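S.K.: got a predicted model here, sequence first, then my questions.
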Amino acid sequence: MSDVQIFADLAFYLVAALILVSALGVLFARRVLHAALALLPCLLGIAGLYAVLAAHFMFAVQILIYAGAITVLILFAVMMLQRILGGGILAGSHNPLVGLLAAGTMFLALVAALLMTDFAGQDPGSLGVGNAAQLGQALLTREVLAFEALSVVILAAIIGAIVIARTRAEGE
Amino acid sequence: MHFAAPQFYLPGLHVGLQHYLILAGLLFVMGLFAVLTRRHAVAILLGLELMLNAANLNLVAFNRYVQPAAVSGQVFALMVIALAACEAAVGLALILALYRNIGSVTPDEMDQLRG
């Protein structure tokens, strides 16, 4: 067991605790704004796990797009709704029993599947080096169709979001 | 500098693929719980983000532990992140439009199509 591996394990446990605690905040915060803010450390923690998994490009993308753009977008929408509705919006919960039952069953099924599967996994050992160049090459050669299709989807989503969210002028 | 493995360092504590899968599973069911129990549409979207992140974590972990030389898992996760961004934008736009039209952001009250 190398020193680096012990530190990587330690990092995993610390970050996993951060992720689970802030996810609890997303689940149980009373105000929507607080739930959205609790999502932020959760997403940053997942970025940290990407770094531990030697997916350095994913680490950067997770921070830039998820923690940066998506969280800000959600906060922006929540604050806009707060302005319209006036005051903090309560998230409210209902059917906790049904939710607990469904989530518990799902988790048991996942763990059962995990225990019954023999993963042909290997221990990659130490932290490893990043492979951003390899990822870029894959995106522009083998995965180029998915990449280009994705840009069309994003364009459609941007236009769609604007069309759906805008206020219509009189007589339109 | 050299650190010896502490005495309490049991073999099961060594992080492997299973640890990531269990963490992602927990995160996924927490997202599921939020989607099923929250009453505000934006809070439901937050639960969806948790579920998508759990899936992403799985993809990257599988990439690392099963096929470290390839990047397919990371490409998948990148696509999921981009689609999640689209989903958030369109979802929030829909919530705003729904609020304008029916004056509510609670999915229970969006029952205009009920016969």
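M.R.: Great, that's in hand.

S.K.: and residue 44, what element?
M.R.: Since no chain was named, I'll use chain A. Using DSSP states H and E, A:Leu44 falls within helix A:32-52.

S.K.: my bad, chain B
M.R.: helix B:41-66.

S.K.: before we move on, back to that, the helix holding A:Leu44 near chain B anywhere?
M.R.: Yes - contact of helix A:32-52 with chain B (CB under 8 Å from any CB of the partner chain) involves A:Val32, A:Ala35, A:Ala36, A:Leu39, A:Cys42, A:Leu43, A:Ile46, A:Leu49, A:Tyr50. Backbone N, C-alpha and C define where each C-beta goes, glycine included.

S.K.: which pLDDT value does the model give A:Thr117?
M.R.: Note for A:Thr117: predicted pLDDT of 85.

S.K.: what do you get for A:Ser2?
M.R.: What the model reports as pLDDT for A:Ser2 is 69.

S.K.: what of A:Gly128?
M.R.: Per the predicted model, pLDDT is 61 at A:Gly128.

S.K.: please see if stretch B:64-77 touches chain A.
M.R.: Yes - residues of stretch B:64-77 contacting chain A under CB under 8 Å from any CB: B:Arg64, B:Tyr65, B:Val66, B:Pro68, B:Val71, B:Ser72, B:Gln74, B:Val75, B:Ala77.

S.K.: now those residues: which count as buried?
M.R.: With burial judged by 16 or more other CB atoms under 10 Å in any protein chain shown, the buried subset of the residues of stretch B:64-77 next to chain A is B:Arg64, B:Tyr65, B:Pro68, B:Val71, B:Gln74, B:Val75, B:Ala77.

S.K.: any idea how far B:Leu13 is from A:Ile142?
M.R.: Rather than Ile, residue A:142 is Arg. 38 Å (CB to CB, to the nearest Å).

S.K.: residues of stretch A:15-24 that come out buried?
M.R.: A:Val15, A:Ala16, A:Leu18, A:Ile19, A:Ser22, A:Ala23.

S.K.: quick one: the helices in chain B?
M.R.: For chain B, helices defined by DSSP state H occupy the ranges B:17-37, B:41-66, B:72-102.

S.K.: do the same with chain A
M.R.: Secondary structure of chain A (DSSP H): helices located at A:3-28, A:32-52, A:56-61, A:71-85, A:96-116, A:132-140, A:144-165.

S.K.: and those, which is most packed in?
M.R.: Mean neighbour count (mean count of other CB atoms under 10 Å in any protein chain shown) peaks for helix A:32-52 among the helices of chain A, with a mean of 22.

S.K.: that one vs helix A:3-28, what angle?
M.R.: Orientation note: helix A:32-52 sits at an angle of 160 degrees relative to helix A:3-28 (axes from the mean of the first three to the mean of the last three CA atoms, to 10 degrees).

S.K.: circling back to that earlier point, format the helices of chain B as CSV; extra columns: mean pLDDT.
M.R.: Converted to CSV, the helices of chain B look like this (pLDDT from 0 to 100):
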stretch, mean pLDDT
helix B:17-37, 93
helix B:41-66, 92
helix B:72-102, 91
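
S.K.: among these, which is nearest B:Gln112?
M.R.: helix B:72-102 (7.2 Å; CB to CB).

S.K.: from the contact counts, what lies against that closest one?
M.R.: In this structure, helix B:72-102 makes packing contacts with helix A:56-61, helix A:71-85, helix A:132-140, helix A:144-165, helix B:41-66, judged by 3 or more CB pairs under 8 Å, 6 or more residues apart in numbering or on different chains; DSSP states H and E.
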